[in-house]
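> Could you work out the structure for the sequence below:
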Amino acid sequence: MADLSITRLCAAVRTHTDYLPLTAFPDDLLPKQRVEAAIQEGIPLEHLIVVNPADSDQPELSDLALAAVGVPDDDQPLFLIRSGPLRDPMVTLLARMVLEFGWRGDDIGITHLDELGGTVGFELLDWAIPSVATVLICDEPVFADARVGTGRFATVGLRVRQGPGPLRVLDAGEGSPESFSDVEWRFTGSGACDGWLDVHAALQAGDIADGERILLHTKGPLREGWLLAQVVDAAGVELA
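As a prediction, the model looks like this:
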């Protein structure tokens, strides 16, 4: 992997409550393997609810994350990494964001990474980023447990550059990260944003020291991936 670095890390999170019964959707709309995976993760079929694909009156977390990262003066590209069977991440949302924020650079939507958008997604960014780019990683769980009634929606906004920076991305890949037992920090979650939200919180609390390595491990119901990073200058990572 080339020398990618993160200079700014922002997070937007909310509790989502707009879910519908599984019976409200045609059988061929939701991937069968995803439904089965949700059941295997511990949600009984009778309690499985699905996110409402209709437009919401709440602000898009992607908008909030992009506003926090900030619109640059140059024409750097904007990458939107967003997966899910009910939304089209490359047309309506991305086009609207480009228009409303007055984005001057290219805009690229990346799909079908599912829960690995925040880890394996950097393998794509490695060759796609020219010198600097803004990256939005979205995580909107399609399924939730009716007994809980909510899910956590999140979007992480990053400014990523080629070359040295305060938070270096060392490597990323799909599968189990069995060979990284000596890292100082390991953050594990099931969603694309989980690890980055933990990194954001730890940096904000001042817990991570310069020179320490971080392993983000995403283990979803169907796919598993990892990303290895090193903090060069903890205070130099801009947080919002």
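
> that's a strand at Val13, yeah?
Yes - applying DSSP: H, G, I helix; E, B strand; the rest coil, one finds Val13 inside a strand.

> Burial check on the nearest residue to it once chain neighbours are set aside, number of neighbours?
Excluding its sequence neighbours, the residue lying closest to Val13 (C-beta to C-beta, 6 or more residues apart in numbering) is Ala154, at 4.6 Å. Bear in mind the C-beta positions are built from the backbone N, C-alpha and C, glycine included. Around Ala154 there are 24 other residues, counting by other C-beta atoms under 10 Å.

> Can you tell me what sits against the lowest-mean-pLDDT helix or strand in the chain?
Ranking every helix and strand in the chain by mean pLDDT, DSSP states H and E puts helix 32-40 at the bottom, with a mean of 84. With contact meaning C-beta atoms under 8 Å, 6 or more residues apart in numbering, helix 32-40 is reached by 22, 45, 48, 85, 142-143, 220-222.

> Could you export the helix or strand following it as PDB, CA atoms only?
Note on helix 32-40: by DSSP states H and E, the next helix or strand toward the C-terminus is strand 48-51. The C-alpha trace of strand 48-51 is given here as PDB (Å, rounded to 0.1, in the frame of the first residue of the first chain):
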ATOM      1  CA  LEU A  48     -36.600  -8.500  12.300                       C
ATOM      2  CA  ILE A  49     -37.300  -4.900  11.100                       C
ATOM      3  CA  VAL A  50     -36.000  -3.100   8.100                       C
ATOM      4  CA  VAL A  51     -35.000   0.500   7.600                       C
END
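
> I'd like the distance from strand 48-51 to the chain centre, please.
How far strand 48-51 lies from its chain's middle: 20 Å, per C-alpha atoms, centre = their mean, to the nearest Å.

> Next: stretch 153-162.
Distance of stretch 153-162 from its chain centroid, counting by C-alpha atoms, centre = their mean, is 8 Å.

> send the alpha carbons of that stretch over as CSV?
The C-alpha coordinates for stretch 153-162 follow below in CSV (Å, rounded to 0.1, in the frame of the first residue of the first chain):
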residue,chain,number,x,y,z
PHE,A,153,-26.5,5.4,11.8
ALA,A,154,-23.1,6.9,11.3
THR,A,155,-20.9,8.7,8.8
VAL,A,156,-17.2,9.3,9.2
GLY,A,157,-15.6,12.1,7.2
LEU,A,158,-11.9,12.0,6.4
ARG,A,159,-9.4,14.2,4.7
VAL,A,160,-6.9,11.8,3.2
ARG,A,161,-3.6,12.6,1.4
GLN,A,162,-0.8,10.8,-0.3
